[in-house]
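In: no letters, just coordinates:
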């Protein structure tokens, strides 16, 4: 039999309801999921404190394709997909250069699909991203996330995005890369949970492929 007074229980329940706690939240608390109650007791005893989750990352390192991926990889240099990508203006969203810090709580993840579409050609997705007023994140943001994951693993921003937002795949259409074979590619990060691999990995995808609802590209909203 519980030693708590009825008034104490009602007071706690009323406060939790006003703060938006759900039935599932109460179940998790009762099961001490992830040791939430244990840690809460430490806070009440003054032995710990709650620190708001911060998923801001510095975005100050330039991305070097040849250094990161391999020899002869480069930023695509041409406004057209029909050229050889070796000369001209770099195909990337240069507005990313002005971002020194990225708050990943403010990043939006876009499919760039139009109504009724289930997939879109990568080249068209790139054009739609470029025509948007949003800042398409590219190499700097990609590198920032990946290095944070390498350093902090389960405490990284990528893991936080996976746990709290259900993110499984993030594309970076703010940067178009030239593969040594002359194809156009974009970087992405993907979460794997199979027997073969578990955790986040990086790779690149050709713009000649089709992209669907699961291929979300990271952007920052600009009005």
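Out: Received the coordinates, thanks. Nothing here was measured: the structure is a model prediction, and the numbers come from that model. Numbers count the residues shown, from 1 in each chain.
In: which stretches in this protein count as strands?
Out: For the chain, the strands defined by DSSP state E cover 56-58, 74-75, 101-103, 107-110, 120-121, 135-136, 169-178, 184-193, 198-206, 210-211, 217-220.
In: my read: residue 139 touches residue 63, true?
Out: Yes - in this structure residue 139 lies within contact range of residue 63 using C-beta atoms under 8 Å: 2.7 Å. All C-beta atoms are positioned from the backbone trio N, CA, C, and that covers glycine.
In: burial measure for residue 46, as a count.
Out: 7 (other C-beta atoms under 10 Å).
In: apologies, that question was intended for residue 181.
Out: Other residues close to residue 181 by other C-beta under 10 Å number 8.
In: among the strands of the chain, which comes closest to residue 84?
Out: Nearest to residue 84, of all these, is strand 169-178, at 8.4 Å by C-beta to C-beta.
In: just the buried positions in the closest one, please.
Out: By 16 or more other C-beta atoms under 10 Å, the buried positions in strand 169-178 come out as 170, 171, 172, 173, 174, 175, 176, 177, 178.
In: contacting residues around the fourth one?
Out: The neighbourhood of residue 173, defined by C-beta atoms under 8 Å, 6 or more residues apart in numbering, consists of 112, 125, 126, 129, 136, 138, 186, 217.
In: now it: how far from residue 114?
Out: Distance, residue 173 to residue 114, by C-beta to C-beta, to the nearest Å: 16 Å.
In: give the contact list for residue 174.
Out: 92, 93, 96, 129, 135, 136, 137, 138, 139, 141, 218, 219.
In: correction: residue 105
Out: Listed by C-beta under 8 Å, 6+ apart, the contact partners of residue 105 are residue 55.
In: okay, now the domains of this structure?
Out: Residue ranges for the domains of the chain, per automatic domain parsing: 6-44, 56-220.
In: worst mean pLDDT among those?
Out: Among those, domain 6-44 has the lowest mean pLDDT, at a mean of 78.
In: now do that one: distance from first to last residue.
Out: One end of domain 6-44 sits 21 Å from the other (C-alpha to C-alpha, to the nearest Å).
In: contacts for stretch 116-134, please.
Out: In contact with stretch 116-134 (C-beta under 8 Å, 6+ apart) are residues 81, 93, 108, 110-114, 136, 173-174, 176, 184, 186, 205-213, 215, 217, 219-223.
In: now do 10 Å
Out: Identification of contacts with stretch 116-134 by C-beta atoms under 10 Å, 6 or more residues apart in numbering yields 81, 91-93, 95, 107-108, 110-114, 135-137, 171, 173-174, 176, 184-186, 205-213, 215, 217-223.
In: where along this protein do the helices fall?
Out: Assigned helices in the chain, in chain order: 6-18, 23-30, 36-44, 65-68, 122-131, 139-152, 157-165 (criterion: DSSP state H).
In: what helices or strands is the first one leaning on?
Out: The one in question is helix 6-18. In terms of contacts (3 or more C-beta pairs under 10 Å, 6 or more residues apart in numbering; DSSP states H and E), helix 6-18 is packed against helix 23-30.
In: tell me what the helix it packs on is packed against?
Out: Partner elements for helix 23-30 (3+ C-beta pairs under 10 Å, 6+ apart): helix 6-18, helix 36-44.
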